[in-house]
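J.: predicted coordinates and the sequence they were generated for:
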Amino acid sequence: MSEHGVVTAATAATELADEGAAVDVPRAVDEVVVLDYGGQYSQLIARRVRECGVFSELLPHHVGAEEVARRKPKGLILSGGPASVYAEGAPKLDPQLLELGIPVLGICYGMQLLALRLGGRVEGAEVGEFGRSQLTVNDPGRLLAGLPAEQSCWMSHRDTVFAAPPGFRALASSTESPVAAFESEERGVYGIQFHPEVVHTPYGQEVLKRFLGDVCGCEMTWSPASIVEEQIARIRDQVGSGKVICGLSGGVDSSVAALLVHRAVGDQLTCVFVDHGLMRKNEGEQVISAFRDTFKVPLVAVDAERRFLDKLAGVTEPERKRKIIGAEFIRVFEEEAAKIGDAHYLVQGTLYSDVIEFELVEPLRALFKDEVRAVGAELGLPERLVWRQPFPGPGLAIRIVGGEATKERLDVLRDADFILQDEIRKAGLYRELWQSFCVLPDIRTVGVQGDERTYGYVVVIRAVTSDDAMTADWARLPYDLLEQIAARMIGELREVNRVVLDITSKPPGTIEWE
């Protein structure tokens, strides 16, 4: 979810796939469609294809051959999945997909579907194959040409292909798979039992490149520059001479979306930045400086801190905080939008867009988070904005746990967080972390500073590593770094007398505390 609760670039492809909706975006670059059969790595396949310079999107396996053909892809990939091809209710292969005249690559479950459909033999093995395995290339064919005869790969299956379909070449075997890869160059059908998309398959990206380039004939031109060029043309075509409004939060998604639209239509765009007083230290000034001063984007900056704090007075329950902040944000935004007048288009990025009557402009709808950052860098967005870590829409209010979000507590938390980020950046660790932040519980503890007993706040340090926020591991920050952070917080913040570290991973915990 975005900073204020809508689907954004980081989650768009996944949620579209879940809903069965395709992004209708004819492209000037080559595309390969990935059909999702429920595998845990399905999304990663599309990302790896894009990293090869070919646009790819994950669609539900049931979208049908007509939808795939409408997109005019250069190739089709069938993902892995948890089911057995023989299980009742297991996802099936639409045979018309093999009649589209484009190459098809089946991965894991996708390979087994192809084998079963085309007359091969798939059976449940006595021993499943999970994790690292040894792959032996017996006949490289076209797909594995030039790759080592012996290599490691990552497997995750219990059913196994024991015989390739008639007319197919069996290319490789593995520890527990008699046929770990096959192909029919004439039919344009290829299958691999292993997962090329994971880092545990060292030559996996090479296999994908061979399929994309040698087999499908894709031009590998998908890049941040091509995204910018394509989206500028798309935005101009959609908006024409109309006025556009954007709710700018300062997060990565809204910042990149705003810059793309401004590059496309210039001063037809007005950004509204609502400073609710719940942001991290200096963030408001950084956003205003970057957009108003550096990029010359028409910007309305609203200082609404007092308004939000009045609404939050006496509120301690986190869900009530969220609802109050979200509702008030919409009210402030709508008031400012009314002053601008005659704006017909809304840039998707930070708003509850279903509440506001605008036509949406969604330049990031089909992008992953890393691609959004790459586009931001291409547009010249400052490093601190491009690499800004995820931040909750309710801001620091939900990092004050179990208590009221008062001005005093917000300032303590803001200052503690500033020290944390400053030290992490100095240590060169900022980009290695998915998130790092402070939590301020509504408790006080006894301490001793000098000759005096103190009764101060506890600051919790939370730092995690993750690829997608679905799972996360607590970051093993160096002890000397933690010592320096704690010493600064206690020494510089009179209200703080204790610093603790959260070492809970996700699961069982969550990244945020509330």
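T.: Looks like it came in fine.
J.: helices of the stretch 51-200 of the chain, start to end?
T.: With DSSP state H, counting those that start in this stretch as the criterion, the stretch 51-200 of the chain has helices at 65-70, 109-117.
J.: please give me every residue in contact with Trp387.
T.: Val252, Arg373, Tyr430, Arg431 (CB atoms under 8 Å, 6 or more residues apart in numbering). Every residue, glycine included, has its C-beta placed from N, CA and C.
J.: quick check: which of the helices of the stretch 51-200 of the chain is buried the most?
T.: Across those, the average number of neighbours (mean count of other CB atoms under 10 Å) peaks for helix 109-117, which reaches a mean of 26.
J.: list the helices and strands that helix packs on?
T.: strand 75-78, strand 104-107, strand 121-137, strand 150-163, strand 189-192 (3 or more CB pairs under 8 Å, 6 or more residues apart in numbering; DSSP states H and E).
J.: redo that, cut-off 7 Å
T.: Contacts defined by 3 or more CB pairs under 7 Å, 6 or more residues apart in numbering; DSSP states H and E place helix 109-117 against strand 121-137, strand 150-163, strand 189-192.
J.: so which bits of the shortest one are buried?
T.: So that's strand 189-192. Across strand 189-192, burial judged by 16 or more other CB atoms under 10 Å covers Val189, Tyr190, Gly191, Ile192.
J.: now distance to Val54 and pLDDT too, for the residues you listed, in JSON lines please.
T.: Converted to JSON lines, those look like this (distance: CB to CB, whole Å; pLDDT from 0 to 100):
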{"residue": "Val189", "distance to Val54": "19", "pLDDT": "95"}
{"residue": "Tyr190", "distance to Val54": "16", "pLDDT": "96"}
{"residue": "Gly191", "distance to Val54": "20", "pLDDT": "94"}
{"residue": "Ile192", "distance to Val54": "18", "pLDDT": "93"}
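J.: between those residues, which sits nearest Gly326?
T.: Comparing the buried residues of strand 189-192 against Gly326 with CB to CB places Ile192 closest, at 45.9 Å.
J.: which residues sit in contact with that closest one?
T.: When contacts are counted by CB atoms under 7 Å, 6 or more residues apart in numbering, Ile192 touches Ile107, Met111, Ala180, Ala181, Val207.
J.: still on that earlier bit, lowest average confidence across the helices and strands packed on helix 109-117, which one?
T.: Least confidently modelled of these is strand 121-137, at a mean of 78 by mean pLDDT.
J.: ok, of the contacts of Trp387, which come out buried?
T.: Applying 16+ other CB under 10 Å to those flags Val252, Arg373, Tyr430 as buried.
J.: need these in TSV (columns: distance to Ser56, secondary structure and pLDDT).
T.: As requested, those are exported to TSV (distance: CB to CB, whole Å; DSSP: H, G, I helix; E, B strand; the rest coil; pLDDT from 0 to 100):
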residue	distance to Ser56	secondary structure	pLDDT
Val252	22	helix	90
Arg373	18	helix	91
Tyr430	29	helix	95
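J.: just give me the closest of the contacts of Ile192 to Gly39.
T.: Among the contacts of Ile192, and counting by CB to CB, the member closest to Gly39 is Ile107, at 7.8 Å.
J.: ok, now how distant is that closest one from Glu99?
T.: 20 Å (CB to CB, to the nearest Å).
J.: so the two - more neighbours on which side?
T.: Neighbours per residue, other CB atoms under 10 Å: of Ile107 and Glu99, the larger number sits with Ile107, 29 against 10.
J.: kindly state the pLDDT recorded for the more buried one?
T.: Listed pLDDT for Ile107 reads 93.
J.: that one: what's it in contact with?
T.: Neighbours of Ile107 in contact, by CB under 7 Å, 6+ apart: Ile45, Ile77, Leu78, Ser79, Gly80, Ile192, His195, Pro196.
J.: swap in Ala257?
T.: Residues in contact with Ala257 (CB under 7 Å, 6+ apart) are Cys246, Val347, Gln348, Gly349, Pro363, Leu364.
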